[in-house]
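Undergrad: structure here, sequence nowhere to be found:
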């Protein structure tokens, strides 16, 4: 997205792996609905992407404990989208790999701004 000239912000509890992306990172947790909504409204994105869902299958946990980013996090994401007037497009993907494949699609269009979560 950066290479395409989009303005990007990364809302995540983990800092970026690539140190060049550190200025784009805003520390936060998808499970903190108020912080997510506040950050999204402050950034005023045209488009947002939820990439924090777990795509693995951990049989040693429950949906309620181990997959809250998929359930509660997605609910918080959708509520923040509804509460942010600037958002025109929103996507919730199961993982970052799905998102990267979407960007490679020649017909995939993206608006000017984007907020990404992992």
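TA: Perfect, I can see it now. This one's a predicted model, so the numbers in the text were calculated from it and none came from an experiment. Numbering: from 1, shown residues only.

Undergrad: where along the chain do the helices fall?
TA: Counting by DSSP state H, one finds helices in the chain at the ranges 33-43, 63-66, 72-82, 96-104.

Undergrad: rounded mean pLDDT for the first one, please.
TA: Same thing as helix 33-43. The average pLDDT within helix 33-43 is 97.

Undergrad: with the last one instead?
TA: Taken as a whole, helix 96-104 carries a mean pLDDT of 59.

Undergrad: any weak-confidence spans in this structure?
TA: 55, 58, 94-118 (pLDDT under 70).

Undergrad: what angle separates the longest strand along it from helix 72-82?
TA: In the chain, with assignment by DSSP state E, the single longest strand is strand 7-12. Strand 7-12 runs at 140 degrees relative to helix 72-82, counting by axes from the mean of the first three to the mean of the last three Cα atoms, to 10 degrees.

Undergrad: show me what counts as buried in strand 7-12.
TA: Under the neighbour-count criterion of 16 or more other Cβ atoms under 10 Å, strand 7-12 has 8, 9, 10, 11, 12 buried. Where you see a C-beta, it was placed from the backbone N, CA and C, and this is true even at glycine.
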